[in-house]
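> Need a 3D model of the sequence below.
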Amino acid sequence: MNEKKFLTAVEPKKRQILLKLKDKDPAGYKALITELKAVWKERNKAWRKEGTIEAEEKPIKMWEARKYGYKDKPGFVTVRAKVIKGARKRRKTSGGRKPAKSYRFKPLDKSKQVVAEEKASTKYPNCEVVASYWLWEDGQYKWFEIILADPHNPHIKNDPEINWICEKTQRGRAERGLTPAGRKGRGLSRRGKGAEKVRPSRAAVTKKKVTKKITTGAAVRKRNRNAA
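Numbers count the residues shown, from 1 in each chain. This next block holds a predicted model:
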C-alpha cells in the first residue's frame, strides 16, 4: 500500500499535522508512520480471522461516517465487510468449447465496494445501506465500513436529515445501485457529452435500441405488403 492511500486511514486533523511534520522533520515523520502502520497491521491480523460481516459499536472512520449522515443514535448500524481480491472463477464450459469461453477467471462488472454493500444488505434485511467507504486492505482482502439505517425505527423516521431513506423508492438501495458506490459504478457521476448512454440505465438504452429496430423492420414489411 502506498503512503498516499495509507494516509486516508488517518483522521484529517492528524493527517495535516503529519504532512507538516514531513517537511520539518522527515525522520520523525517516518517514525510516526511506522507506528501507525503497526497499529493497523495488528487490527488486520484480527480481522482476517473474523467473518465476512462483523458489526461494530461505532465507526472506526467516524469522520467519513459523518459525511454520509451517520449519527450516534438508535436506528443506525455500522458493519465491517470483508471482500476477497481478484477476479472470480468462471462457470464450467457449456455448449461446446469456444474461444469466448477459454478463460478461467472473469472480473465482475461491479466494484468490490458494491459487492460488500450487497453482502451487508443481505445480512441485515431490515436495514437499508446509506453509504460505505474503504477501510483497509492487504494482499488478499479488502475491508469496507458500511453505514446502514433501519427505515422502521422511530428515531430515523422523525429525523428530517435521514428520513428520506424511509421512502418506498429507497428499498433495496444496494442491489439497485442507488448508493454512492453504486451510482459511481453505473457511470452517473458524469453528465453531458460522453454520458448519453448511461441514463436512465445502460440496460434501458439497449432495450430502446432493440425496440426501435423491431418497429422499423415491421413498418418496412407492412409498407412492402401494401405496395404489392
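
> Assumed Trp134 was part of a helix.
No - using DSSP: H, G, I helix; E, B strand; the rest coil, the assignment for Trp134 is strand, not a helix.

> Just give me the neighbour total for it.
18 (other Cβ atoms under 10 Å). C-beta: built from backbone N, CA, C; applies to glycine.

> which residues of this structure score low on pLDDT?
91-98, 100-103, 209-220, 222-223, 227-228 (pLDDT under 70).

> Strands along the chain, start to end?
53-56, 76-84, 88-89, 105-106, 128-137, 141-149 (DSSP state E).

> contact partners of the fourth one?
Defining contact as Cβ atoms under 8 Å, 6 or more residues apart in numbering, one finds that strand 105-106 is touched by 86-90.

> domains for the protein, by residue range?
1-49, 51-186, 190-228 (automatic domain parsing).

> so Leu148 touches Gly75, yeah?
No - using Cβ atoms under 8 Å as the test, Leu148 is too far from Gly75 to be in contact (9.4 Å).

> Those two: who's more crowded?
When neighbours are counted by other Cβ under 10 Å, Leu148 and Gly75 differ, and Leu148 comes out ahead with 27 against 20.

> related to what we said a few turns ago, deepest-packed of the domains of the chain, please.
Neighbour counts (mean count of other Cβ atoms under 10 Å) averaged over each of the domains of the chain peak at domain 51-186, with a mean of 16.

> how far does that domain stretch from start to finish?
29 Å (Cα to Cα, to the nearest Å).

> and it, how far out from the chain's middle?
5 Å (Cα atoms, centre = their mean, to the nearest Å).

> List just the nearest of the contacts of strand 105-106 to Arg66.
The shortest gap between Arg66 and any of these belongs to Gly86, at 32.4 Å (Cβ to Cβ).

> Now do the contacts for that closest one.
Contacts for Gly86 (Cβ under 8 Å, 6+ apart) come out as Phe105.

> 10 Å - rerun?
By Cβ atoms under 10 Å, 6 or more residues apart in numbering, the contact set of Gly86 is 105, 107, 112, 140.

> Surely the second one touches Lys85?
Put plainly, it is Pro107. No - look at Pro107 against Lys85 with Cβ atoms under 10 Å: they stay out of range, at 11.0 Å.
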